[in-house]
Each structure stands twice: as C-alpha cells, then as structure tokens.
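# Build me a model:
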Amino acid sequence: MKRPAATILLAALALSGCASGPAVDNAALAAQVTAAERAFADSMARRDFAAFQRFLADDAVFYGPAAAQRGKAEVAGFWKQYFTGQKAPFSWAPDRVDVLESGLLAYSSGPVHDAEGRLIARFNSVWRQEAPGQWKVVFDKGEPVCNPAGPARQ
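Prediction:
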C-alpha cells in the first residue's frame, strides 16, 4: 500500500513542477507596455492613423463620451475624427504601468493634455500581450480632471 501512495505522490510532485511556467520578468514587460503606450501616443502626434490602428486589438472597447465603441473597426471609425487636423487635439503619456503576474494583461494610466498643454483628463488603458513583445489595447477610458471651484485649501 505504501508503494502506490509513494508513486502517486512522486508523480504529483513531478507534474506540479511542469505546471509552473517560466518566471515572468514584470519589469521588462512593464517597459514593453510603456514603450507601446508611448508609440501609440506618438501615432497621434505624428498624425499617423494607420499606426494608431495597429495598436488596437480586434476586440477592443473604447469608452467615449456617450457610448462605448466595440471592435477595432468601430474604435478606429470614431477616432478618425482626431486625425483630421494638422495638429493633434490632445496628447498623452503613461506615468503608471502595472503588469499581471501572468504577463498577459497590463494596465497603463497617465495625464492627457490639450493642444495648448493644459491638463484635461487622465487615460486608463488595458493592454493584452498577443505574442511575445506585441501588446495591443483592449480597453481604454479617459476621465476628465476635476478642478474644484473655490478658494484653495491649505
């Protein structure tokens, strides 16, 4: 009776070693997402709509002022309006990036500035790693900044 139990225990231990995948280098993945977010923002600054679209996941959901745009085609169709002028109407840059321990999803957030450089919002995006080193936006939502009226508090 001891032999089958020992065999089962040994097999379970061997399989548990196989179940854990390679360690995820979160710092390296966060750097990849930061670079992807900066390149995504740069597509707006350069007025490169084709490059912008390459960062969108096929099943992306972007939350707009009235309704969400669902799917790459709908998101791109809505955002095309922001690429019509010579100057970008706004810009953004990440100041926070977090990656899940699995290395599959990441969150990025940062300030959004209008064309004159005034802070107008904060963006929040979720990125998915679709292949090693290839990140695409799956969710995006911006929130206006709150500038309360009244005297400054000390």
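# What are the boundaries of the strands in the protein?
In order along the chain, the chain carries the following strands (DSSP state E): 56-63, 68-70, 90-92, 96-99, 105-114, 119-131, 134-144.
# and Ala30, which of those is closest to it?
For those, proximity to Ala30 was assessed by CB to CB; strand 96-99 is nearest, at 4.7 Å. Heads up, the C-betas are built off the backbone N, CA and C, glycines and all.
# Give me the contacts around the closest one.
The contact list for strand 96-99 (CB atoms under 8 Å, 6 or more residues apart in numbering) reads 24, 26, 29-30, 33-34, 37, 105-110.
# buried stuff in it?
Of the residues in strand 96-99, those buried under the neighbour-count criterion (16 or more other CB atoms under 10 Å) are Val97, Val99.
# Kindly export it (C-alpha atoms) in PDB.
What follows is strand 96-99, C-alpha atoms only, in PDB (Å, rounded to 0.1, in the frame of the first residue of the first chain):
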ATOM      1  CA  ARG A  96       1.900  54.300 -14.300                       C
ATOM      2  CA  VAL A  97       2.100  50.800 -15.800                       C
ATOM      3  CA  ASP A  98       1.300  47.500 -14.000                       C
ATOM      4  CA  VAL A  99       1.500  44.000 -15.400                       C
END
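# Quick check: mean pLDDT of that strand?
In this model, strand 96-99 has an average pLDDT of 98.
# Would you list the strands that it pairs with, along with their directions?
Pairing partners of strand 96-99, with direction, according to DSSP bridges: strand 105-114 (antiparallel).
# Sort out which residues of the lengthiest helix in the chain are buried, please.
When secondary structure is assigned using DSSP state H, the longest helix within the chain turns out to be helix 26-45. Of the residues in helix 26-45, those buried by neighbour count under the rule 16+ other CB under 10 Å are Leu29, Ala30, Gln32, Val33, Thr34, Ala36, Glu37, Phe40, Ala41, Ser43, Met44.
# and what of stretch 113-128?
Burial within stretch 113-128, assessed by neighbour count using 16+ other CB under 10 Å, is assigned to Ile120, Ala121, Arg122, Phe123, Asn124, Ser125, Val126, Trp127, Arg128.
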